[in-house]
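Asks: Here's a sequence, model it:
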Amino acid sequence: NLADAYIVDGEHARARELVQEYAGLARQGHAPRLLAYANLDEVRLYRAEGRIDEAIAVIDCDAHRRFLHGNDDLALSSETALYELHKRAGRFEAALRHHEVASRMNEERLTRKAEQQVSVMLARLELEQARAAAERSRLDAELNAQRAQVLEFERERLHRAAHEDPLTGTGNRRAADEALVRRLAERP
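Replies: Residues are numbered from 1 along each chain as shown. Prediction:
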């Protein structure tokens, strides 16, 4: 970021020192992604200085392409930079070729991103459906428990109605008959 700021401010010598420093550190640490970023910063520096052919040479080579392996964003940035550089140099056929590659890469990236978003949305939908099913099951269980309570209450009410006198609340003849049968059964 500091190198970019120096390039924008026109302090190309300071930007070059920074880019060379972190490119050297990337080479020592075997960090190909960082080296690719250093190459792109060097390209921005050359472009700012008007050294278009040198900028193209930095990223339009097999060494730079090896750094891009597995990093779609860096590859897209490199193709876009090549498109802009060739266009600026008036090499419109090469610019068009790099623009087509960059467009295809961007379209593939957007397609992958859309597919990932669809997958996430489907997973969320499935989760919401599972939650709704669980809530529905919980509510069904609660409803069944309430129905059981109502049935038990109704059973008790019917039993009282069948065995109690409604005016006095004491046992009726059916209650007396059942009590007699119980007592006789308890006798030895």
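Asks: from here on, contacts and neighbour counts on C-alpha atoms
Replies: Will do.
Asks: Report pLDDT for residue 69.
Replies: Listed pLDDT for residue 69 reads 77.
Asks: how many neighbours does it have?
Replies: Applying other CA atoms under 10 Å, we find 12 residues neighbouring residue 69.
Asks: so who does residue 148 touch?
Replies: By CA atoms under 8 Å, 6 or more residues apart in numbering, residue 148 lies in contact with nothing.
Asks: Report the helix or strand with the lowest average pLDDT across the protein.
Replies: helix 62-68 (a mean of 84; mean pLDDT, DSSP states H and E).
Asks: What mean pLDDT does the next helix or strand after that one get?
Replies: On the C-terminal side of helix 62-68, the closest following helix or strand by DSSP states H and E is helix 72-88. Helix 72-88 shows an average pLDDT of 94 in the prediction.
Asks: name the helices or strands packed onto helix 72-88?
Replies: The contact analysis (3 or more CA pairs under 8 Å, 6 or more residues apart in numbering; DSSP states H and E) places helix 72-88 against helix 32-49, helix 52-59, helix 62-68, helix 92-163.
Asks: got the buried residues for that helix?
Replies: 74-87 (16 or more other CA atoms under 10 Å).
Asks: still on that earlier bit, weakest of the helices and strands packed on helix 72-88 by average pLDDT?
Replies: For those, the stretch scoring lowest in mean pLDDT is helix 62-68; its value is a mean of 84.
Asks: how far out from the middle of the chain is it?
Replies: In terms of CA atoms, centre = their mean, to the nearest Å, the centre of helix 62-68 is found 30 Å from the chain centre.
Asks: gap between the residue nearest the centre of the chain and residue 113?
Replies: The centroid of the chain falls nearest to residue 120 when counting by CA atoms, centre = their mean (5.4 Å). Going from residue 120 to residue 113 by CA to CA, to the nearest Å gives 11 Å.
Asks: For the least confident helix or strand of the chain, list every residue counted as buried.
Replies: By neighbour count on 16+ other CA under 10 Å, the buried set for helix 62-68 is 64, 67-68.
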